[in-house]
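Q: test case, fold it:
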Amino acid sequence: MREYETLLILKPDLSDNDIGQINDRLQGVLEREGAQFLKCDIWGKKRLAFEVAKNPKGVFVQMCYLSAPSVITEFERNLRMIEPVVRYQTVRIGEVEDVEKRLAEQAVENRATAEAKARAEAEAKIREEADAKARAEAEVKHREQTEARAQAEAEALAAAAATAAAAPAAAAAAASDEKPAEDTGAAAATEETKETKKTEEKVED
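A: Modelled structure (predicted):
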């Protein structure tokens, strides 16, 4: 058998579900024709060097498999029937003498790839959770600072209002304190006048 690699370019507006269905269909074609499927890697959406079928971008998919040369004809016939496939290219990698050994090697590679992907997803989730926690703490801190400022402003306004309200009363109290002092002075002057008159009367006598 020979090892082949087919690179597909799909329309960029496909959903993940659509891409998965196309890959499953193509894998089914290969297995029906007696090929040994090795792997399918979705490289994601990339900008094309030039537009293909009026698409400036495309979703790149790599399929690797073992098959007889006759399988390629049927496989590419199915590729031409799938409307979202805008371009494809099949390349022969080489001859495979020990199919079981090649399949075992690919199984190890696929397992390592899956584990690396799982680790990357777990790390991304941890980072996302840490970022979300940091944002939540920052929001709480901002809210507390805003509430503290609002409370301080309210207390300052209340203090200013209390001071303004107390000013007339303080002025009235000050005025009230000054009035008795004037009355005392007048009374003292009256007494002094009386004493003077008495003295004058004694002198006349």
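Q: by contact count, what packs against the helix or strand hosting Ala156?
A: If you go by DSSP states H and E, Ala156 is part of helix 99-204. In terms of contacts (3 or more Cβ pairs under 8 Å, 6 or more residues apart in numbering; DSSP states H and E), helix 99-204 is packed against strand 36-52, strand 55-67. (Glycine included, C-beta is placed from N, CA and C.)
Q: can you do 7 Å?
A: strand 36-52 (3 or more Cβ pairs under 7 Å, 6 or more residues apart in numbering; DSSP states H and E).
Q: how far does the strand it packs on sit from its chain's centre?
A: Its chain's C-alpha centre and that of strand 36-52 lie 29 Å apart, by Cα atoms, centre = their mean, to the nearest Å.
Q: that one pairs with which strands, and in what direction?
A: strand 55-67 (antiparallel) (DSSP bridges).
Q: buried ones in the strand it pairs with?
A: 55, 58-61, 63-67 (16 or more other Cβ atoms under 10 Å).
Q: cool, stretch 102-119 as well?
A: 102, 106.
Q: contacting residues around it?
A: 36, 38-39, 66, 96 (Cβ atoms under 7 Å, 6 or more residues apart in numbering).
Q: before we move on, back to that, now for the buried residues of strand 55-67, which pair is the farthest apart?
A: Asn55 and Leu66 (31.1 Å; Cβ to Cβ).
Q: tell me which element Gly94 falls in.
A: Per DSSP H and E, the secondary structure element for Gly94 is strand 85-95.
Q: tell me the mean pLDDT for that strand?
A: Mean per-residue pLDDT for strand 85-95: 95.
Q: what strands line up against that strand, and which way round?
A: strand 2-10 (antiparallel).
Q: and the partner strand, how far from the chain's centre?
A: The answer for strand 2-10 is 37 Å, by Cα atoms, centre = their mean.
Q: thanks a lot, see you next time.
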